[in-house]
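In: Quick one, what's the 3D model for this:
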Amino acid sequence: MCTVVIRIPESADEPARVLAIRDEDPDRPWNPLGRWWPEAHDGVVGVRDVRAGGAWLAADPETRRLSVLLNRADVSTTPESELVSRGGIVLESVAGRSPTAQPRTHGFNLVEVDASSARVLTWDGDALRAVDLTPGTHMIAHDDVDDPATPRIARWLEEFRDAPPAEGERWWEPWVDVLERSTELGSTDDRAIIRDNRPYGYPTLSLLACVASVSAEGVEVAYGELHEPGRWGGLDLS
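Out: Here you go, the predicted structure:
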């Protein structure tokens, strides 16, 4: 039940900006932002899932692509033994090989950003759809883009829109301010962004965040972990 906020600029001369918050089981090990795939994906940086070897978020500075994956419920009846990890999709995506047809995975929302465009590929186990993102600020969680039926989107999307990224190296600070205000809600509140999903039957809590800037000049990504899963104690992005 991760969350992504993305701002698509009006002009191609400006960068797209991304804030991605990862929810995962704290007992499932991961590697922080780094180059973990030197042979198959040389130069790619990302947050690596140790168990399956794939990525939650990855960026390729050479191709100026960034992708991040959010889990989504699906209606698939495919046996678990025939499904593969969703993490490989992210690495393939930044290599320019987006999923097609019927992926052999559970459902997902895949956010793809490059120097000229951004879109969300949605797989619900029945159909693969693509939603091109128009200029402006958008929010994605476990359902559709800007979905008003998703409580955290209904509560916080306008706040992110009213707090556009700042100028300078730490452009993400206005968005982190919104994120901090959101933690006035309890982490089990349906509207929360920093989350404890265990009461909903999932062993996941918010663990970390990445911010990224994508433009014709390149891709820059910063990473930070919460001091305690599911609880706000500040976020040092670097």
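
In: Show me what stretch 162-181 is in contact with.
Out: Stretch 162-181 is touched from outside by 5, 7, 17, 19, 21, 137, 156, 159-160, 193-194, 209, 211, 213, 222, 232, 235, 237, with contacts defined as CB atoms under 8 Å, 6 or more residues apart in numbering. (C-beta placed from N, C-alpha, C; glycine too.)

In: Going by neighbour count, list what's buried in that stretch.
Out: 163, 165, 171-172, 174-176, 178-179 (16 or more other CB atoms under 10 Å).

In: Tally up the residues packed near the residue nearest to Asp236 when sequence neighbours are not counted, please.
Out: Sequence neighbours aside, Gly224 is the residue nearest to Asp236 in space, at 5.0 Å (criterion: CB to CB, 6 or more residues apart in numbering). Gly224 sits with 18 neighbouring residues when counted by other CB atoms under 10 Å.

In: Packing partners of the helix or strand harbouring Gly224?
Out: According to DSSP states H and E, Gly224 maps onto strand 218-225. For strand 218-225, the elements it packs on are strand 30-34, strand 55-60, strand 65-71, strand 205-215, judged by 3 or more CB pairs under 8 Å, 6 or more residues apart in numbering; DSSP states H and E.

In: can you list contacts of the helix or strand that comes right after the first one?
Out: Going back to what we said before, that points to strand 30-34. Note on strand 30-34: by DSSP H and E, the next helix or strand toward the C-terminus is strand 45-49. If you take CB under 8 Å, 6+ apart as the criterion, strand 45-49 is touched by 22, 28, 30-37, 54-59, 61, 85, 87, 90-91, 94, 208, 210, 221, 223.

In: returning to that earlier point: taking the contacts of stretch 162-181 one by one, which sit in helices?
Out: Per DSSP state H, helices hold the following members of the contacts of stretch 162-181: 156, 159-160.

In: before we move on, the earlier item: the buried residues of stretch 162-181 in helices, which ones?
Out: Checked against DSSP H, the buried residues of stretch 162-181 include these in helices: 174-176, 178-179.

In: Adding pLDDT and distance to Val131, write those residues out as CSV.
Out: Conversion of these to CSV gives the following (pLDDT from 0 to 100; distance: CB to CB, whole Å):
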residue, pLDDT, distance to Val131
Pro174, 98, 25
Trp175, 98, 21
Val176, 98, 26
Val178, 98, 23
Leu179, 98, 24
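
In: Going by secondary structure, Asp153 is in what exactly?
Out: You called it Asp, but residue 153 is Ile. If you go by DSSP H and E, Ile153 is part of helix 151-161.

In: and the end-to-end length of stretch 139-151?
Out: End-to-end distance of stretch 139-151 (CA to CA, to the nearest Å): 11 Å.

In: hang on, I meant stretch 113-126
Out: Terminal residues of stretch 113-126 lie 24 Å apart, using CA to CA.

In: now do stretch 7-27
Out: One end of stretch 7-27 to the other measures 32 Å (CA to CA).

In: And that stretch, what's buried?
Out: 7-8, 15-24.

In: now, which of the residues you listed lie within strands?
Out: Among the buried residues of stretch 7-27, the members found in strands (DSSP state E) are 7-8, 16-24.

In: can you put the residues you listed in JSON lines and add pLDDT and distance to Ser187?
Out: Below are these laid out as JSON lines (pLDDT from 0 to 100; distance: CB to CB, whole Å):
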{"residue": "Arg7", "pLDDT": "98", "distance to Ser187": "25"}
{"residue": "Ile8", "pLDDT": "98", "distance to Ser187": "29"}
{"residue": "Ala16", "pLDDT": "98", "distance to Ser187": "29"}
{"residue": "Arg17", "pLDDT": "98", "distance to Ser187": "25"}
{"residue": "Val18", "pLDDT": "98", "distance to Ser187": "23"}
{"residue": "Leu19", "pLDDT": "98", "distance to Ser187": "18"}
{"residue": "Ala20", "pLDDT": "98", "distance to Ser187": "18"}
{"residue": "Ile21", "pLDDT": "98", "distance to Ser187": "12"}
{"residue": "Arg22", "pLDDT": "98", "distance to Ser187": "14"}
{"residue": "Asp23", "pLDDT": "98", "distance to Ser187": "10"}
{"residue": "Glu24", "pLDDT": "97", "distance to Ser187": "14"}
